[in-house]
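Student: Below are the sequence and a predicted model; questions follow.
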Amino acid sequence: MASLRDIKNSINSTKKMSQITKAMEMTSAAKWNRGVMNAKAFVPYMEKIQEVTVAVAMGSKGINHPMLQSRPVKKTGYIVMTSDRGLAGAFNSNVIRRVFQTIQNRHKSKDEYSIIAIGRVARDFFVKRGINVDLEIVGVSDQPNFESVKDITSSTVGMFSDGTFDELYLFYTHYKSAITQEVMEKKLLPLTDISTTSKLTAYEFEPSAEEILDVLLPQYAESLIYGALLDSKASEHAARMTAMRNATDNAKEMIKNYSLIYNRARQAAITQEIAEIVGGAAALE
Amino acid sequence: MKTIEVSVVTPNGPVYESDVEMVITKAQSGELGILPGHIPMVAPLAIGVVRMKKNGKEQDLIAVSGGFLEVRPDKVTILAQAAEKAEDIDVERALRAKERAEQRMRDQKVEDIDFRRAELALQRAINRLTVTGKQ
């Protein structure tokens, strides 16, 4: 049996650990709040740009924009969104596992695909396995604003336009609620699955539908990436918050168990001491 | 006087919402004024100032950096990648951006892609300063 002092040490270190996890839970909770607010603020823009894009792309006949057309696929790009840091439960491993399985099911050769890694965890994983990582972005802030990710989104969309990729898929974690997040796969480009249920407005175009699509489609694709990033960030903080709460709860449980063992050991020591005194007194008589 | 609802939306959230008599924007094909009851229209915007006319005079100025104008008979929506009301503009920052862009344009050759970028940055900075009236 461990000595009294050993148990006391374990209790103290577990207590300290629980203080740290508690603090991390609280910071994550604050970031999570902000993250959800950012994602909400983006919704009106996304809805509107989607509405206009659909109206322009569907409403005008005979338009052949490269971003709307499937072409023979020689190379596929996978955008993978993870976090830079761990300690977020299964958040990163869920995304990476999904991407890895998808790649192995779809491709035979390594030349057929490459990765655009957002977040240190994704980059490290794919680089370690010798998979091509064309573009890597680490150190995205916890509350990204549109300007700060403009470079990422425009270079990604640019890689489709210049023919580096013939297809782009987006893998990210969709935020459902504080306790459920779901890995999503979205085909980003070409935009073949644009459709709508609402009534289309017939617009006049100034100067022409083609020229508008030239500007609108890249912006739309960029907004999709940005939206996914906000979604992913909200999920990350929610996942980390949950993971840290579980860690704190586990630490409390451990402290309880250790305290029980400690009290038993202390009682045993006292009992033994009394027994020794009684024994000593009996020997003197 | 008849009014039309205007909203300016950016990825970071809505910036401006109001009922106005006229919206004056700078589209890529030229200046464009929208009155209530306009036919539905879509046009890409240039970097420029959006002016809102209320009570017979131009009242609210918004600096818009690229994006779109969507017009419906009863509503105008401006989808911009960045937009700021005059009172929200950080003048110091715009001035710094202007100097930086000018410096870059001196260093680069005209045919460089960076030159074009610097040019756009300069336009945005000047646009912001125009709106605040500190140009």
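Tutor: Received, thanks. Numbering: from 1, shown residues only, chains lettered A, B, ... in the order given.

Student: Pull up the gap between residue B:60 and residue A:10, please.
Tutor: 65 Å (CB to CB, to the nearest Å). In short, each C-beta sits where N, CA and C put it, glycine included.

Student: need the residues of the stretch 1-150 of chain A near chain B, please.
Tutor: Within the stretch 1-150 of chain A, the positions lying close to chain B (CB under 8 Å from any CB of the partner chain) are A:38, A:41-42, A:44-45, A:48-49, A:52, A:55-56, A:145-147, A:150.

Student: Out of these, which end up buried?
Tutor: Among these, the ones that count as buried by 16 or more other CB atoms under 10 Å in any protein chain shown are A:38, A:41, A:42, A:44, A:45, A:48, A:49, A:52, A:55, A:56, A:146.

Student: hang on, the earlier thing: can you tell me which of the residues of the stretch 1-150 of chain A next to chain B lies closest to residue B:78?
Tutor: Closest to residue B:78 out of these is residue A:48 (9.6 Å), distances taken as CB to CB.

Student: thought that closest one was touching residue B:67?
Tutor: No: counting by CB atoms under 8 Å, residue B:67 is not a contact partner of residue A:48; they are 10.6 Å apart.

Student: what residues are shared contacts of these two?
Tutor: residue B:79 (CB atoms under 8 Å, 6 or more residues apart in numbering or on different chains).

Student: tell me, what residue is most central in chain B?
Tutor: Nearest residue to the geometric centre of chain B (CA atoms, centre = their mean): residue B:64, 2.2 Å.

Student: what's the burial count for residue A:170?
Tutor: Residue A:170: 25 surrounding residues under other CB atoms under 10 Å in any protein chain shown.

Student: Kindly report the same for residue B:74.
Tutor: Around residue B:74 there are 11 other residues, counting by other CB under 10 Å.

Student: now swap in residue A:279 and tell me
Tutor: 9.

Student: packing partners for whichever strand or helix holds it?
Tutor: In this assignment (DSSP states H and E), residue A:279 forms part of helix A:209-284. Judged by 3 or more CB pairs under 8 Å, 6 or more residues apart in numbering or on different chains; DSSP states H and E, the packing partners of helix A:209-284 are helix A:4-59, strand A:76-81, helix A:91-106, helix A:146-161, strand A:167-175, strand A:181-189, strand B:41-45, strand B:67-72.

Student: looking only at pLDDT, what's the mean for the top helix by length along chain B?
Tutor: Taking DSSP state H as the criterion, chain B has its longest helix at helix B:113-132. Helix B:113-132 carries an average pLDDT of 80.

Student: How about residue A:38, nearest residue that isn't a chain neighbour?
Tutor: Counting by CB to CB, 6 or more residues apart in numbering or on different chains, residue A:230 is the residue found nearest to residue A:38 once chain neighbours are left out, at 5.4 Å.

Student: Helices of chain B, residue ranges please.
Tutor: So, for chain B - with DSSP H - the helices run B:91-107, B:113-132.

Student: buried set for the last one?
Tutor: The reference is to helix B:113-132. The neighbour-count check on helix B:113-132 (16+ other CB under 10 Å) flags B:118, B:121-132 as buried.

Student: what's the closest of the helices of chain B to residue B:81?
Tutor: Closest among those, using CB to CB: helix B:113-132, at 10.2 Å.

Student: The closest one close to chain A?
Tutor: No: using CB under 8 Å from any CB, helix B:113-132 stays clear of chain A, with a minimum separation of 10.4 Å.

Student: Which strands and helices lie in contact with that helix?
Tutor: Applying 3+ CB pairs under 8 Å, 6+ apart, one finds that helix B:113-132 contacts strand B:48-54, strand B:57-64, helix B:91-107.

Student: and the residue nearest to the centre of chain B, how far is that from chain A?
Tutor: 13 Å (CB to the nearest CB, to the nearest Å).

Student: Just grab the bridge partners of that residue for me.
Tutor: Note on residue B:64: beta-bridge partners by DSSP bridges are residue B:48, residue B:83.

Student: and the angle for the longest helix of chain B with strand B:57-64?
Tutor: 150 degrees (axes from the mean of the first three to the mean of the last three CA atoms, to 10 degrees).

Student: Can you give me the domain boundaries for chain B?
Tutor: Split into domains by automatic domain parsing, chain B comes to B:4-86, B:90-132.

Student: So which bits of chain B are right by chain A?
Tutor: By CB under 8 Å from any CB, the part of chain B that sits against chain A consists of B:9-14, B:27-29, B:32, B:39-44, B:67-68, B:70, B:72, B:77, B:79, B:81-82.
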